[in-house]
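[1] prediction below, plus the sequence it came from.
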Amino acid sequence: MQGLSKRYEQRAAVEELSFDVPAGQLLALVGESGSGKTTTLKMLNRLIEPSSGRVRIGGRDADQVPPHLLRRQIGYAFQKVGLFPHLTVGENIAVTPRLLGWGRARIAARVRELLQLVELDASFEARFPDSLSGGQAQRVGLARALGASPPVLLLDEPFGALDPLTRDHLQQSFDRLRRRLGLTVVLVTHDASEALLLADRILVLRAGRCLQLDTPHALLSAPASSYIEQLLAAPRRQARVFEQLASVSEHA
Amino acid sequence: MREQLALLPRLLSAHLALSLFALLVGVCISLPLAALASRRPWLAQLAQSAAALVQTIPSLALLALMVPLLGALGWSSIGFLPAFIALVLYSLLPVLGNTITALAHLPSELTEAARGVGMDDWQQLTRVELPLALPLIIAGVRTAAVWTVGAATLATPVGADSLGNFIFSGLQTRNLSAVLVGCCAAAALALLLDGLGKLLLSGLKQRRRSWTALALAGLAALYLYAGAARVWARAPDALVVGAKTFTEQYILADVLAERLRAATQRPVRVQASLGSTVAFDALCNGDIDAYVEYSGTLWATVMRRGAAPSDRAAMLAEIRSYLAPLGVSVAAELGFENSYALAVQHSRAEGWRVRTIGELARISDGLVMGADYEFFARPEWSALQRAYGIDFRERRSMDPALMYQALQSGAVDVISAFSTDGRIAAYDLSVLADERHAIPPYDAIVLIGRRLSTREPAAAAALAKLSRSIDSERMRRANLAVDLQHQAVADVARELGEPGRAE
């Protein structure tokens, strides 16, 4: 990514953003709502066309490829999930493989594999999205993003609608999964602790500008600004409180 | 009723063919147009406005407008084509409107997801947008189906057979059972189509293959039936007799048809309930072969001439020379006249000592006149005013069927009437003499088209034999028999044509 910008009329949503994600690594875009996280993510697969700057994926300029072909190589999980209500869970997961012209048997096997991967029972395959809970829908959304085994994955708040226990569980299994498959991932989250737990590197965004791009360790030890310090203060305090509570109960 | 039921299969299949194929073509136009418009807001605006504009034209007028429009293009201007085109136009709005609305209001996260998973524009449209819009699209098609089936009853006056034949002729001849048969059959057809649409929608929504298949099979069967009936009904060598929309015309058309049948041994069809100018255009185009016209109508409406000569023979000669280049000739003068006349109740005419229009003019500014909708706008009325200086205290336009009741109840004192109307005798009315000949002659004449005059001498000769065979009194009694005594048109026509055959 080089000098990526998006302007609406005069207002800049994202300004001169440059970063790169080495293959197999996970970059988290962190910031409060309106900071330009989702806009940045959508510019990566050209759901939003950048006003200026270039995106290169796997050594190729993204604007050299027709956008729909580009997107078939990039899994995308939406914040609002956006499962197609007229298709079953299985058909939703199979949508990109089908566009790529995979054979029937290969698609069926892939759907079963992905349901297992996101820890949903095989019986979900024939169900319709309107019968799913928020968390189940998000898992299916993740499975759909992974459908065609893309080397690159873009995730927009993929664990947002989950209850804490499930979220923790799914975060861990996702972490194992992406390491095992060697996926290159860009993850958008407003939750700093999620970013700290999952990311190789974190990019902190504020008002469309990059405040700091570093590893979780460096971010914690040397925050570049007081804003980042504040952003990380909450998870730290929570962690301390948990530890104190735990030690109190041990002493008791 | 038996007469109607015998006609039902033919008219039902004609109605079905007309409305189903108009619907099909309408959907084939509006659906792609709506899909195209979903990417082009200006087109959506344009298409919807145009379709809405069509909808504001009353359907009867829309159908009637097609006749001169197609005529100007040099196409067959009566029968299936004008009705078909008008119905196609009429069916556009519901499908177009519903589809455009449905596509415009899809949740944005779904259209974005469609792009996000790698669909191109076409795939996004066909795999996501149209399936999601389907319930509203089908609702639109159902509305269009009901509208089209309903509006197809108005195809009769432009010369296309439909269930409207029952309704138009039934209303004219006061045959309520015919009207009822037409209305019920059309309603049943509309309900059937709507039901199939509903079944299809439920089948698709609930993914019940058997329902979907049943609905599609039902529709396919209807289309097959309509298509087969349409092909079957084509008998190009049949002769066609036209009739306008009133009782006398129905009877006379049957008389002509009977003569043609006997003379040529060919199938003869009556195309009834044609609009007034439609019949003449149809004859010129060869869509019909013969019908009965009135000299005054030709003079004023077709030839657009002013005051008519009082010499009947001279007028007829001028008419003949006008018609000849159009390929139309006069086969016979039937021997009676059906003109506009002023009628009053016999007893009151005696009381006033009034027998002529001139005598009525002396007292008319104290009287109320009732007339059909067009009378006061017609040249005949201004001619009367010029000739007699006549006017009334009040003029009322009303439905012809109500005029006679209004006269009896005393709500009006004078009415416009047609001189052969059977009700003149039935209600004991006096027709006032037009001693200054202000109203042109309306002699009934048999017109034939090019096919009969050049290639069917036997047929033309058979019609020529009708010359002077029906006088005003006989025509009036025949009209009365149908209008008030509810005898079948065919029976009355047989009796009316009988003496001529004996000659």
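    Thanks, I have it. Numbers count the residues shown, from 1 in each chain, chains lettered A, B, ... in the order given.
[2] the strand ranked longest in chain B: what's the following helix or strand?
    Longest strand in chain B by number of residues (criterion: DSSP state E): strand B:329-337. Toward the C-terminus, strand B:329-337 is succeeded by strand B:340-345 as the next helix or strand (DSSP states H and E).
[3] roughly how far is that next one from the heart of the chain?
    Counting by C-alpha atoms, centre = their mean, to the nearest Å, strand B:340-345 is centred 27 Å from the centre of its parent chain.
[4] the next helix or strand after that strand packs against which elements?
    Using DSSP H and E, the helix or strand that follows strand B:340-345 towards the C-terminus is helix B:346-352. On a contact count with 3 or more C-beta pairs under 8 Å, 6 or more residues apart in numbering or on different chains; DSSP states H and E, helix B:346-352 meets strand B:429-431. C-beta here means a position set from N, CA and C on the backbone, and glycine is covered the same way.
[5] got the contact list for the strand it packs on?
    Outside strand B:429-431, the residues that touch it by C-beta atoms under 8 Å, 6 or more residues apart in numbering or on different chains are B:341-346, B:349, B:355, B:407, B:417, B:419, B:423-424.
[6] could you report the pLDDT at residue 131?
    Using chain A here. What the model reports for A:S131 is a pLDDT of 93.
[7] hmm, I had chain B in mind actually
    pLDDT, read off for B:P131, is 93.
[8] what sits against B:P441?
    Contact partners of B:P441, counting by C-beta under 8 Å, 6+ apart, are B:S295, B:G296, B:A308, B:R312, B:M315, B:E337, B:S339.
[9] so who does B:S30 touch?
    B:A51, B:S91, B:L92, B:L93, B:V95, B:L96, B:T99.
[10] right, and the helix or strand after whichever helix or strand it is part of?
    Using DSSP H and E, B:S30 sits in helix B:2-37. Next along the chain after helix B:2-37, taking DSSP H and E as the criterion, comes helix B:41-56.
[11] if you count neighbours, what's buried in the helix or strand following that next one?
    Next along the chain after helix B:41-56, taking DSSP H and E as the criterion, comes helix B:59-73. By 16 or more other C-beta atoms under 10 Å in any protein chain shown, the buried positions in helix B:59-73 come out as B:S59, B:L62, B:L63, B:A64, B:M66, B:V67, B:L70, B:G71.
[12] pick out whichever of the contacts of B:P441 sits closest to chain A.
    Checking those against chain A by C-beta to the nearest C-beta gives B:G296 as the nearest, at 65.4 Å.
[13] pretty sure that closest one contacts B:A444?
    No: in this structure B:G296 lies outside contact range of B:A444 using C-beta atoms under 8 Å: 10.3 Å.
[14] residue contacts, the nearest residue to B:Q487 once chain neighbours are set aside?
    The shortest distance from B:Q487 to any non-neighbouring residue, by C-beta to C-beta, 6 or more residues apart in numbering or on different chains, is to B:A481 (4.5 Å). Listed by C-beta under 8 Å, 6+ apart, the contact set of B:A481 reads B:G422, B:Q487, B:V492.
[15] most neighbours of all these, which one?
    Within these, most neighbours by other C-beta atoms under 10 Å in any protein chain shown means B:V492, with 23 neighbours.
[16] how near is that one to B:A481?
    Remark: distance between B:V492 and B:A481 (C-beta to C-beta, to the nearest Å) = 5 Å.
[17] do A:V111 as well
    With distances taken as C-beta to C-beta, A:V111 is found 78 Å from B:A481.
[18] buried stuff in the helix or strand hosting B:L256?
    Mapping B:L256 onto the secondary structure by DSSP H and E places it in helix B:247-264. Within helix B:247-264, the residues that qualify as buried by neighbour count (16+ other C-beta under 10 Å) are B:247-261, B:263-264.
[19] again with stretch B:87-106
    For stretch B:87-106, a neighbour-count test (16+ other C-beta under 10 Å) marks B:87-103 as buried.
[20] show me what from the stretch 1-150 of chain A comes close to chain B.
    By C-beta under 8 Å from any C-beta of the partner chain, the part of the stretch 1-150 of chain A that sits against chain B consists of A:45, A:47, A:66-72, A:76, A:78, A:80-86, A:95-96, A:99-100, A:144, A:147.
[21] in helices only, show me these.
    Among those, the members falling in helices (DSSP state H) are A:P67, A:H68, A:L69, A:L70, A:R71, A:R72, A:V95, A:T96, A:L99, A:R144.
[22] which of the residues you listed has the most neighbours?
    Within these, A:R144 tops the neighbour count with 29 neighbours, counted by other C-beta under 10 Å.
[23] which ones are touching the nearest residue to B:G116 once chain neighbours are set aside?
    Spatial nearest neighbour of B:G116, chain neighbours left out: A:Y76 (4.3 Å); criterion: C-beta to C-beta, 6+ apart. Contact analysis of A:Y76 by C-beta under 8 Å, 6+ apart lists A:N45, A:L47, A:A145, A:L153, A:L154, A:L155, A:D156, B:G116, B:V117.
[24] any bit of the helix or strand where the fourth one lies sitting next to chain B?
    Looking back up the chat, that one is A:L153. Using DSSP H and E, A:L153 maps to strand A:152-156. No: no part of strand A:152-156 sits near chain B under the criterion C-beta under 8 Å from any C-beta; the closest distance found is 8.7 Å.
[25] that strand pairs with which strands?
    Counting by DSSP bridges, the strands paired with strand A:152-156 are strand A:74-77 (parallel), strand A:184-189 (parallel).
[26] can you show me the strands along the stretch 51-200 of chain A?
    Remark: strands assigned in the stretch 51-200 of chain A by DSSP state E, counting those that start in this stretch are A:52-54, A:56-57, A:60-61, A:74-77, A:152-156, A:184-189.
[27] please name the residues that touch whichever residue of the stretch 301-450 of chain B sits closest to chain A.
    Closest contact between the stretch 301-450 of chain B and chain A, by C-beta to the nearest C-beta, is at B:D399 (53.0 Å). Contact analysis of B:D399 by C-beta under 8 Å, 6+ apart lists B:D372, B:Y373.
[28] which stretches of the stretch 151-252 of chain A have low pLDDT?
    A:249-252 (pLDDT under 70).
[29] how about it: which residue is closest to chain B?
    A:L154 (8.7 Å).
[30] now do the contacts for that residue.
    By C-beta under 8 Å, 6+ apart, A:L154 lies in contact with A:L41, A:L44, A:N45, A:I74, A:G75, A:Y76, A:A77, A:A145, A:V185, A:V186, A:V188.
[31] having no further points to raise, I will conclude here.
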